[in-house]
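S.K.: Return a 3D structure for these sequence lines:
(one chain, ligands or ions: 2)
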Amino acid sequence: MSHDIYKINPEFREIMPKEIIELEENATWAKNMDKPRGIKELPDTKELLEEHSLCAGCPEAAALRYVLSALPKPEDTIIVNSTGCTSLMFPHIALHTVHSLFGNQNAVASGIKRVLDWRFPDTQKDVVVLAGDGATVDIGLDYTLQSFFRQEKITTICFDNEVYANTGGQESGMTAKGQVFKMAPTGKKFDKVPMWELAKTSGCHYSVNMTASAPKAVAKAVREAILVAREIGPTYINLYTPCILEIGLSANEGLGEMKDQDKDRFASYKHVSPEAEEYLKKCKAEGLL
Ligand SMILES: Cc1ncc(C[n+]2csc(CCOP(=O)(O)OP(=O)(O)O)c2C)c(N)n1
Ligand code: SF4
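M.R.: Ligands and ions are numbered 1, 2, ... in the order given. Now for the predicted structure:
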């Protein structure tokens with residue numbers, strides 16, 4: 001793979017919408033092909049079309065921009081996605097993505113990673129799963145945990161909005177106790193599943209729980225998780241991206257909600273295995289972090 005793979009076919013360029021051409025020209029990878037790139041470049045770059053089909057103000061859109069800007073090697077990264085609100089964004093970015101059957105994303109990612117390592121033994125390929133809590137922790141939990149047990153060298157990022165948003169508001173295991181949704185009118189009967197701890201006990205070498213309130217912190221976690229997955233083993237990021245629609249907030253209230261939850265259900269949790277810790281020190285010394 002190379003950067004050219006994202007280029008619009010010259011024969012079709014004339015008929016492409018202006019925003020697609022802008023995406024090609026201004027994506028973070030396009031502007032800084034040979035330079036270090038990251039969250040600092042976000043104001044001048046474009047990872048996601050403004051005309052994406054999420055609700056206005058949905059924190060998932062901002063969070064995806066932070067994640068994409070932090071990828072260490074976007075041209076050699078495959079993002080595996082699953083059905084849900086997150087999947088509405090993937091047709092609007094300029095990166096390699098694979099849409100998998102709902103819940104199967106970690107199984108699909110495992111296969112892709114193994115084949116890429118076999119096919120391109122001399123090139124580092126990063127495989128990142130990005131899906132909602134319904135896909136990652138509810139319906140796909142078996143596949144998620146099995147990929148950790150097998151020590152697959154992939155990073156799993158759960159956009160945890162604590163609800164099945166795309167299907168209109170059913171509760172998931174990640175929903176907070178007592179929470180009522182349109183399609184869960186009696187309220188959640190038990191506590192939120194601490195998936196970040198399950199990830200640790202299931203063999204992840206790096207596991208964090210956080211909100212998407214602070215772009216730099218999200219970018220740091222993404223970069224560290226991907227680097228650890230390259231060399232050591234599976235990594236997990238649980239990222240709160242509230243569904244403002246289902247909890248009755250307006251478009252400008254997502255950030256405030258995330259800041260509130262920084263002190264509550266998403267109070268910072270970070271597990272780094274000793275091997276991963278050692279490796280991250282080396283990465284820092286080499287300027288990769
Ligand atoms: C195999 C399969 N089962 C169920 C569905 C229905 N479905 C589509 S999106 C969705 C909910 C997604 O919830 P989540 O993963 O939490 O993502 P969100 O929409 O909240 O971002 C479900 C159950 C499906 N598309 N395919
Ligand atoms: S339904 Fe919720 S998660 Fe989905 S796009 Fe709207 S605000 Fe975002």
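
S.K.: wait, what's in contact with E51?
M.R.: Contacts for E51 (Cβ atoms under 8 Å, 6 or more residues apart in numbering) come out as 19, 92. Placement of C-beta: from N, CA and C, glycine included.

S.K.: Return the residues in contact with the closest residue to ligand 2 within the stretch 101-250 of the chain.
M.R.: Ligand 2 sits closest to C243 of the stretch 101-250 of the chain, with a gap of 3.2 Å, by Cβ to the nearest ligand atom. By Cβ under 8 Å, 6+ apart, the contact list for C243 reads 58, 85, 161-163, 165, 169.

S.K.: One more pass at 7 Å, please.
M.R.: Shown in contact with C243 (Cβ atoms under 7 Å, 6 or more residues apart in numbering): 161, 163, 165.

S.K.: Please dump those into CSV; it should also carry neighbour count and secondary structure for every row.
M.R.: Formatted as CSV, these follow (neighbours: other Cβ atoms under 10 Å; DSSP: H, G, I helix; E, B strand; the rest coil):
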residue, neighbour count, secondary structure
N161, 29, coil
V163, 30, coil
A165, 28, coil
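
S.K.: for ligand 1, what are the nearby residues on the protein?
M.R.: Residues of the chain lying close to ligand 1 by Cβ under 6 Å from any ligand atom are 83-86, 101-102, 131-135, 159, 161, 163-167, 172.

S.K.: hmm, 8 Å instead?
M.R.: When proximity is defined as Cβ under 8 Å from any ligand atom, the chain approaches ligand 1 at 60, 82-87, 101-104, 131-136, 138-139, 159-161, 163-167, 170, 172, 174, 241, 243.

S.K.: The residue nearest to S110 when sequence neighbours are not counted: neighbouring residues, count only.
M.R.: In space, and not counting its chain neighbours, S110 is closest to E152: 4.5 Å by Cβ to Cβ, 6 or more residues apart in numbering. By other Cβ atoms under 10 Å, 23 other residues sit near E152.

S.K.: So which residues of the stretch 101-250 of the chain form strands?
M.R.: For the stretch 101-250 of the chain, strands defined by DSSP state E, counting those that start in this stretch occupy the ranges 126-132, 155-160, 206-211, 235-240.

S.K.: Now do the helices in the stretch 151-289 of the chain.
M.R.: Secondary structure of the stretch 151-289 of the chain (DSSP state H, counting those that start in this stretch): helices at 195-201, 215-231, 254-261, 274-285.

S.K.: before we move on, the earlier item: what pLDDT does the residue nearest to S110 get?
M.R.: Listed pLDDT for E152 reads 98.

S.K.: wait, what's in contact with it?
M.R.: Contact analysis of E152 by Cβ under 7 Å, 6+ apart lists 110, 113, 234.

S.K.: distance of it from I139?
M.R.: Here the distance between E152 and I139 works out to 19 Å (Cβ to Cβ, to the nearest Å).

S.K.: which parts of the protein sit against ligand 2?
M.R.: Contact residues, the chain versus ligand 2 (Cβ under 8 Å from any ligand atom): 53-55, 57-61, 84-85, 88, 132, 161, 163, 165-166, 241-246, 254.

S.K.: In contact with Q146: list those residues for me.
M.R.: Contacts of Q146 by Cβ under 7 Å, 6+ apart: none found.

S.K.: Can you give me the distance of D262 to L255?
M.R.: Distance of D262 to L255, given as Cβ to Cβ: 11 Å.
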